[in-house]
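Trainee: Below are the sequence and a predicted model for it; my questions follow.
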Amino acid sequence: MAVVLDDHLVTLTCDNCGDTVTGPRTHSEAEVVWPLVSEHGWSGSPLADGPHRCAHCTQLGPAAAGVPGGILGIEHLGAVTVVTVAGDVDLDTGDTLGIALRHAADMGGHVLVDLGRTDLLDSTALGLLVRAHRGATERGALLCVASTSPLIRQVLRVTRLDELFPIADNRADALARLQNHAAAADPSE
């Protein structure tokens, strides 16, 4: 279910990334979703029981298997936003990664770029990662990359980007590292 209705409010939850938007419930139950979806630039079913995607995820488009440079998903896991990438990221497909990284920055907190399903990054992708790292640093956050590909790990090592931001062997290790960093930064946890 992507919609929560109460007597006075409607809350939509993006089926892709989990973001929410809330608005007043001013319409009948049959018309309750579409005004909120259209007002905030979301896409999806006009019905409460259909799928819904926030404006950021709508811009990314659906991630289809075999499509170069596709974004498989954006997840918000506590203080970490995870951007999962699939396929090659190069000049032709870099815009999609750029949009996803801007969305992650908009969410605040740490950013994990999961390249576990990626085999090729060109200079466009490397530039996007550097820009996202700088943005995270300005917010007091970290950017971490997870990659199992020997080629990508070598490219990050040769370009010395492994000295700029952490590179993890897999998503779980990177996520644990960022969550531990967030917990250490917040003594109330």
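Mentor: Now that the structure is in, tell me what you want to look at.

Trainee: Would you map the strands across the protein?
Mentor: 3-5, 9-13, 20-24, 43-44, 52-53, 70-77, 80-86, 110-117, 143-146, 167-168 (DSSP state E).

Trainee: mean confidence score for the third one?
Mentor: Per-residue pLDDT values across strand 20-24 average out to 80.

Trainee: Identify the bridge partners of the residue nearest the centre of the chain.
Mentor: The residue lying closest to the centre of the chain (Cα atoms, centre = their mean) is residue 74, at 3.0 Å. Counting by DSSP bridges, residue 74 is bridged to residue 83.

Trainee: Could you point out which of the strands of the chain sits nearest residue 96?
Mentor: For the strands of the chain, the distance to residue 96 is smallest for strand 70-77, at 5.6 Å, taking Cβ to Cβ. To be clear about C-beta, it is placed using only N, CA and C from the backbone, and glycine gets the same treatment.

Trainee: isn't the residue nearest to the centre of the chain right next to residue 105, touching?
Mentor: No - the criterion here is Cβ atoms under 8 Å, and residue 74 misses it with residue 105 at 11.5 Å.

Trainee: contact partners of stretch 133-147?
Mentor: Applying Cβ atoms under 8 Å, 6 or more residues apart in numbering, the external contacts of stretch 133-147 come out as 105, 108-116, 118, 129, 132, 153, 156, 164-171, 173-175, 177-178, 181, 185.

Trainee: Now with 6 Å, please.
Mentor: 105, 109-115, 132, 153, 164-168, 170-171, 174, 178, 181 (Cβ atoms under 6 Å, 6 or more residues apart in numbering).

Trainee: any idea of the pLDDT on residue 151?
Mentor: pLDDT, residue 151: 84.

Trainee: distance of it from residue 109?
Mentor: Going from residue 151 to residue 109 by Cβ to Cβ, to the nearest Å gives 29 Å.

Trainee: The two: which is more packed in?
Mentor: residue 109 (19 against 12; other Cβ atoms under 10 Å).

Trainee: Just list the residues touching that one, thanks.
Mentor: By Cβ under 6 Å, 6+ apart, the residues touching residue 109 are 79, 141.

Trainee: and what of residue 85?
Mentor: Applying Cβ under 6 Å, 6+ apart, the residues contacting residue 85 are 115, 118.
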